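Chemist: Sequence first, predicted coordinates after that:
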Amino acid sequence: MSDRASISNIAKLSIPIFFANLVIPLVAIVDTGLMGNLDNASYLTATSIATSVFSLIFWSFGFLRMGTVGLVAQAHGSNQYEEIVNLVFQNIAFVIIISLLLVIFQKYIFTIALNIFDLSNQTSKHFKEYFEIRIYSSFGELIIFIISGLFIGLQRTTLSSVVVGFFSITNIVLSLIFVIYFNLDVQGVALGTVISSTLTAIIFLCYTFLELQKFTSIKINVEKIFNLKKINTLFNINFDIFVRSAFLTFSFLFFTYLGNTISEDVVAANTILLNLIMLSAFILDAYAFSTEGIVGYSIGSKDKKLLTNVIKNSFILSATTGLLISIVYLFGKNHFISIMTDLPDIKNLSLSNSYWVVLIPFLSSFCYQIDGIFIGASQTKELRNAMIISVGIYIVCALFLAETLDNLGLWISLSIFFGLRALSLFFYLPRIYQRIT
């Protein structure tokens with residue numbers, strides 16, 4: 001068995017990602033705790049919905065990380081480092097264009113979001129305050145996608161983790177300062193994200209080019225960067241991932257939307273539970289992220305044995321960790337919920353549905369891991385098709401079950417969605433092997 005695909009090596013690569021990913025959901029948990037302990041639930045509801053909207057926007061451009069990982073890993077496996085530099089410049093150009101468009105059309109985006117959700121006047125006010133600040137974090141957050149994807153693709157997971165960890169920790173510290181010491185409420189948590197993302201992007205973008213100089217010279221070759229054939233390939237990969245990510249983030253926005261049709265308290269309570277589920281997701285993604293680089297390398301170097309071993313061992317690690325998280329949540333969920341809110345109605349509603357945070361981590365571990373395998377292989381059409389099928393069935397289930405079972409129906413539908421994501425991609429798994437036979 002190749003050492004590169006051994007359980008110990010996957011775990012070693014995953015450890016720094018694990019700690020960095022652990023901090024990412026803590027940003028949402030801290031923001032939830034700050035808003036959930038204020039005197040009115042409207043702060044928490046507004047932040048929850050606004051965060052869902054921005055998750056839909058930003059994670060729709062998750063191809064900037066996922067597409068980068070697969071292409072960089074494969075180029076790394078075949079020692080094509082000039083291609084990696086050109087890819088970074090191409091993605092930076094994408095980010096500049098995307099960020100400008102988001103800022104220019106922010107009023108239209110805000111109006112659409114406000115029309116989707118039926119919010120009280122107070123909640124709408126807080127939603128607007130958050131939105132008008134957070135929109136300016138787009139450049140920084142999308143650049144971070146590129147940087148983290150680059151270093152994961154190079155199997156330098158510690159560097160990728162430092163980037164993400166710096167952003168998240170800075171975000172938490174600034175949010176605490178702005179909310180507690182300057183009493184900025186929702187504006188404080190939004191401002192914390194804008195400043196931390198911009199600062200992280202500037203610092204680590206400079207560092208990235210210094211690191212790339214160790215592999216090849218940094219030259220802005222306009223002809224190669226904007227080569228139509230390369231851009232077309234990149235566009236096709238990125239478009240597939242864009243569609244996949246848009247459907248994925250829409251599924252969680254749809255979950256929030258249906259919760260809002262029940263009551264604003266349900267939105268607030270579900271957000272607390274989703275924070276715990278997202279925490280488990282980011283922990284489990286550590287294995288998926290480290291697997292992406294190895295899978296891409298195995299395809300670039302035409303190593304079938306390496307591919308087989310990394311798939312098998314990564315699933316063992318992911319499923320085992322998912323089970324351990326479920327056990328921790330079984331005994332600690334009540335305490336975790338109490339930390340995030342002291343509002344009696346929200347707390348009781350969260351506790352009554354808390355068994356879902358016990359079931360979902362193990363169930364979802366399979367879909368996160370197989371996502372990483374397909375991302376590393378740049379099998380983006382399969383990712384897209386599997387996600388469209390899964391979301392389509394999920395929406396039908398959610399509409400029916402929410403109508404008959406209210407919030408219970410929402411959680412059953414979400415669990416079905418996690419299972420469908422894994423099963424649909426398992427169907428496509430043989431196609432990856434066809435690349436190296």
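Modeler: Great, that's in hand.
Chemist: Test my guess that residue 364 contacts residue 279.
Modeler: No: the pair residue 364 and residue 279 fails to qualify as a contact (CB atoms under 8 Å) at a distance of 11.9 Å. For glycine as for every other residue, the C-beta is placed from the backbone atoms N, C-alpha and C.
Chemist: ranges for the helices of the stretch 101-250 of the chain?
Modeler: Secondary structure of the stretch 101-250 of the chain (DSSP state H, counting those that start in this stretch): helices at 106-116, 121-134, 138-153, 157-176, 185-212, 222-225, 228-262.
Chemist: Can you say which of those is nearest to residue 302?
Modeler: Closest approach to residue 302 among these (CB to CB): helix 138-153, 17.6 Å.
Chemist: Summarise which helices and strands that closest one is packed against.
Modeler: helix 41-59, helix 63-77, helix 81-104, helix 157-176, helix 185-212, helix 264-300 (3 or more CB pairs under 8 Å, 6 or more residues apart in numbering; DSSP states H and E).
Chemist: Make JSON lines from those and add mean neighbour count, distance to residue 147 and mean pLDDT to it.
Modeler: Output for these, formatted as JSON lines (neighbours: other CB atoms under 10 Å; distance: least, CB to CB, whole Å; pLDDT from 0 to 100):
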{"stretch": "helix 41-59", "mean neighbour count": "25", "distance to residue 147": "15", "mean pLDDT": "78"}
{"stretch": "helix 63-77", "mean neighbour count": "26", "distance to residue 147": "9", "mean pLDDT": "76"}
{"stretch": "helix 81-104", "mean neighbour count": "18", "distance to residue 147": "9", "mean pLDDT": "88"}
{"stretch": "helix 157-176", "mean neighbour count": "21", "distance to residue 147": "5", "mean pLDDT": "87"}
{"stretch": "helix 185-212", "mean neighbour count": "20", "distance to residue 147": "5", "mean pLDDT": "91"}
{"stretch": "helix 264-300", "mean neighbour count": "26", "distance to residue 147": "13", "mean pLDDT": "87"}
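Chemist: nearest to residue 16, of the ones you listed?
Modeler: helix 157-176 (3.8 Å).
Chemist: Show residues contacting the closest one.
Modeler: 13-14, 16-17, 19-21, 23-24, 26-27, 30-31, 34, 144, 147-152, 188-189, 191-193, 195-197, 199-200, 203-204, 211, 289-290, 293 (CB atoms under 8 Å, 6 or more residues apart in numbering).
Chemist: quick revisit: out of the helices of the stretch 101-250 of the chain, nearest to residue 56?
Modeler: Taking the helices of the stretch 101-250 of the chain one by one with CB to CB, helix 228-262 is closest: 4.2 Å.
Chemist: Please name every helix or strand in contact with the closest one.
Modeler: By 3+ CB pairs under 8 Å, 6+ apart, helix 228-262 packs against helix 41-59, helix 63-77, helix 81-104, helix 264-300, helix 380-405, helix 407-428.
Chemist: Now it: buried residues?
Modeler: 230, 234-235, 237-238, 240-260 (16 or more other CB atoms under 10 Å).
Chemist: Stretch 127-136 now?
Modeler: 127, 128, 129, 130, 131, 133, 134, 135, 136.
Chemist: With stretch 379-399 instead?
Modeler: 379-387, 389-391, 394-395, 397-398.
Chemist: So for the protein, which residue is the most central one in space?
Modeler: The centroid of the chain falls nearest to residue 59 when counting by CA atoms, centre = their mean (6.2 Å).
Chemist: Now that one. Nearest residue, chain neighbours left out?
Modeler: Once flanking residues are discounted, residue 59 sits nearest to residue 249: 4.4 Å by CB to CB, 6 or more residues apart in numbering.
Chemist: wait, which of the helices and strands packed on helix 228-262 is closest to residue 221?
Modeler: Here helix 81-104 is closest among the helices and strands packed on helix 228-262 (CB to CB), at 7.1 Å.
Chemist: Including distance to residue 334, could the helices of the stretch 101-250 of the chain go into TSV?
Modeler: Formatted as TSV, the helices of the stretch 101-250 of the chain follow (distance: least, CB to CB, whole Å):
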stretch	distance to residue 334
helix 106-116	33
helix 121-134	27
helix 138-153	33
helix 157-176	24
helix 185-212	25
helix 222-225	54
helix 228-262	21
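Chemist: So for residue 270, which of those helices sits nearest?
Modeler: Per CB to CB, nearest to residue 270 of those: helix 228-262, 5.0 Å.
Chemist: how far out from the middle of the chain is the closest one?
Modeler: 11 Å (CA atoms, centre = their mean, to the nearest Å).
Chemist: can you give me the angle that helix makes with helix 81-104?
Modeler: Here helix 228-262 points in a direction 40 degrees away from that of helix 81-104 (axes from the mean of the first three to the mean of the last three CA atoms, to 10 degrees).
Chemist: Which helix or strand contains the residue lying closest to residue 273 once chain neighbours are set aside?
Modeler: Nearest residue to residue 273, sequence neighbours excluded (CB to CB, 6+ apart): residue 357, at 5.5 Å. Element membership for residue 357 (DSSP states H and E) is helix 356-376.
Chemist: Name the residues of that helix that are buried.
Modeler: Neighbour-count burial for helix 356-376 [16+ other CB under 10 Å]: 356-376.
Chemist: which other helices and strands contact that helix?
Modeler: Under the contact criterion of 3+ CB pairs under 8 Å, 6+ apart, helix 356-376 touches helix 63-77, helix 264-300, helix 304-340, helix 380-405, helix 407-428.
Chemist: do you know which of these lies nearest residue 114?
Modeler: helix 264-300 (14.4 Å).
Chemist: Next, work out how far apart residue 151 and residue 289 are.
Modeler: 10 Å (CB to CB, to the nearest Å).
Chemist: For residue 424, which residues are in contact?
Modeler: Neighbouring residues of residue 424 by CB under 8 Å, 6+ apart: 385, 386, 387, 389, 390.
Chemist: Quickly note the distance from the first one to residue 243.
Modeler: To tie it back to what came earlier, the one meant is residue 385. The value you get for residue 385 to residue 243, if CB to CB is used, is 9 Å.
Chemist: Then the last one?
Modeler: The span separating residue 390 from residue 243 equals 13 Å under the rule CB to CB.
Chemist: ok, now the second one?
Modeler: Applying CB to CB, one obtains 11 Å for the distance of residue 386 from residue 243.
Chemist: Let me know the closest of the buried residues of stretch 127-136 to residue 429.
Modeler: Nearest to residue 429 among the buried residues of stretch 127-136: residue 134, at 38.0 Å, using CB to CB.
Chemist: Do I have it right that the closest one meets residue 192?
Modeler: No: here residue 134 does not reach residue 192: they are 9.9 Å apart, not a contact under CB under 8 Å.
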